[in-house]
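Colleague: Whatever this is, show me its structure:
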Amino acid sequence: PAPSREAELARAESDMARLEERLAEQVARAAADAASLTERLGQMRKALARPESAGDSRLSQWAMRLEDTESPALPPELEQLREKALDAREAALDTRRQAGLDLQSALRVHQEDAGRVVKALTDAEADLKRVEAAAKARAEAEAKARAEAEARTEELARPPAMTPARAKASTERTSRDDTPTRSEKPARGKLPPPPAKDEARTKGRVRMHTTIDMRSDSNFFTGFSMDISEGGIFIATVDAVPRGTSVDLDFTLPGGRPLTVNGVVRWARDGNDRTPELMPGVGVQFTSLPPEVAHAISSFVATRDPMFYPD
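Modeller: Prediction:
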């Protein structure tokens, strides 16, 4: 990944610090060399001015040449440039210090705002738990009162105790009354007709896995689709919308281009622990498909194997 801006600045600042340190060492070394050179030049002039050196013509020539020679001093603009660099470093330091103070101030304001939101959420959660606990206690009390009332009603409706003879006669009479006559017995072989099957789908569905955005007048969420037909699409989601709701759908067919279609929610399925393999979701019927969109969906469905469902 590309380095962050902070990392780039830190690296540049480190390189600049090493360069400034090296330049400072070079300037100090040049000043020391200039002082040493001046000292050597003075010592040599004194040595050549001694009487024993006057008899040698070559030394006399060196004395004349070195008399006009001056040791080079550091140029004054070098010190000016060094001061300019120091001024620039001080200005940059002041700017960074002020920026740090501004950043701390902005961060403090953000932390205070976040603290107020956290406190509001904590208070709201506490009130919600209190209300839920009160509602639960009230429901339990009402259920207990209903159970006690039903028990009292059953106790009052129970007939008085009977003697053994009366109880036997009552039992026999009840048994005779409960025995069906020949005319009351159901005819053999006649079972109730089976429930009517759901109407067959007019358009077969094929498997498809893709994310899908669904929008209505009061809702927006992202789910995923598991199958599609030329007439509609299934959207797996726990945020079901009511049947009859008009929705706008945005999705991309596998290997195709993004599509935007309109539809109406025709059915919804909630999650069920007894059938966890059936995901909750909604079935949307397409409405007013543009020709190019209808052609794209038809072409996609034609290339996939149909899904089969048990009777």
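
Colleague: what residue ranges in this structure are flagged as low confidence?
Modeller: Flagging of the chain using pLDDT under 70 yields the residue ranges 1-2, 150, 152-204, 307-311.

Colleague: which residues of the stretch 151-300 of the chain fall in strands?
Modeller: 206-215, 220-228, 232-236, 246-252, 258-269, 281-287 (DSSP state E, counting those that start in this stretch).

Colleague: out of those, nearest to residue 75?
Modeller: Shortest distance between residue 75 and the strands of the stretch 151-300 of the chain, using C-beta to C-beta, is found for strand 258-269: 69.0 Å. C-betas here are computed from N, CA, C, even on glycine.

Colleague: which one of the strands of the stretch 151-300 of the chain is the most hemmed in?
Modeller: For the strands of the stretch 151-300 of the chain, ranked by mean neighbour count under the definition mean count of other C-beta atoms under 10 Å, the leader is strand 232-236 at a mean of 23.

Colleague: chain center to it: distance?
Modeller: Taking C-alpha atoms, centre = their mean, to the nearest Å, one finds strand 232-236 lying 25 Å from the centre of the chain it belongs to.

Colleague: Out of the strands of the stretch 151-300 of the chain, which gets nearest to residue 86?
Modeller: Across the strands of the stretch 151-300 of the chain, closest to residue 86 is strand 220-228 (C-beta to C-beta), at 58.0 Å.

Colleague: Could you name the helices and strands sitting against the strand or helix carrying residue 18?
Modeller: Using DSSP states H and E, residue 18 sits within helix 5-48. Counting contacts by 3 or more C-beta pairs under 8 Å, 6 or more residues apart in numbering; DSSP states H and E, helix 5-48 packs against helix 57-67, helix 76-157.

Colleague: how about the first one: buried residues?
Modeller: Same thing as helix 57-67. Using 16 or more other C-beta atoms under 10 Å as the test for burial, helix 57-67 gives residue 63.

Colleague: helices or strands up against that helix?
Modeller: Looks like helix 57-67 contacts helix 5-48 (3+ C-beta pairs under 8 Å, 6+ apart).

Colleague: For the helix it packs on, what is the distance to the chain centroid?
Modeller: With C-alpha atoms, centre = their mean, you get 54 Å for helix 5-48.

Colleague: try stretch 113-125
Modeller: With C-alpha atoms, centre = their mean as the basis, stretch 113-125 stands 22 Å off its chain's centre.

Colleague: what's the answer for stretch 209-225, then?
Modeller: 17 Å.

Colleague: End to end on it, go ahead and measure it.
Modeller: The first and last residues of stretch 209-225 sit 6 Å apart, counting by C-alpha to C-alpha, to the nearest Å.

Colleague: And for stretch 47-57?
Modeller: 15 Å.

Colleague: who touches stretch 274-294?
Modeller: Stretch 274-294 is contacted from outside by 214, 223, 226, 230-238, 240-241, 246-247, 249, 259-272, 297, using C-beta atoms under 8 Å, 6 or more residues apart in numbering.

Colleague: Only C-alpha atoms, please: export it in CSV.
Modeller: Taking Å, rounded to 0.1, in the frame of the first residue of the first chain, the C-alpha atoms of stretch 274-294 are listed here in CSV:
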residue,chain,number,x,y,z
ARG,A,274,-38.1,-25.5,12.5
THR,A,275,-37.0,-24.9,8.9
PRO,A,276,-33.6,-23.1,9.2
GLU,A,277,-32.8,-24.1,5.6
LEU,A,278,-35.5,-21.7,4.4
MET,A,279,-34.1,-18.1,4.6
PRO,A,280,-36.4,-15.2,5.5
GLY,A,281,-37.0,-12.8,2.6
VAL,A,282,-39.5,-11.4,0.2
GLY,A,283,-40.7,-12.2,-3.3
VAL,A,284,-40.9,-9.3,-5.7
GLN,A,285,-42.8,-9.4,-9.0
PHE,A,286,-41.3,-7.2,-11.7
THR,A,287,-43.5,-4.5,-13.2
SER,A,288,-43.0,-2.4,-16.4
LEU,A,289,-39.6,-3.9,-17.4
PRO,A,290,-37.9,-1.9,-20.1
PRO,A,291,-37.3,-4.1,-23.2
GLU,A,292,-33.5,-4.1,-22.8
VAL,A,293,-33.8,-5.1,-19.1
ALA,A,294,-36.4,-7.8,-19.9
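
Colleague: so what are the domain limits for this protein?
Modeller: 5-74, 206-302 (automatic domain parsing).

Colleague: got these as CSV, with distance to residue 96 columns?
Modeller: Output for the domains of the chain, formatted as CSV (distance: least, C-beta to C-beta, whole Å):
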stretch, distance to residue 96
domain 5-74, 10
domain 206-302, 43
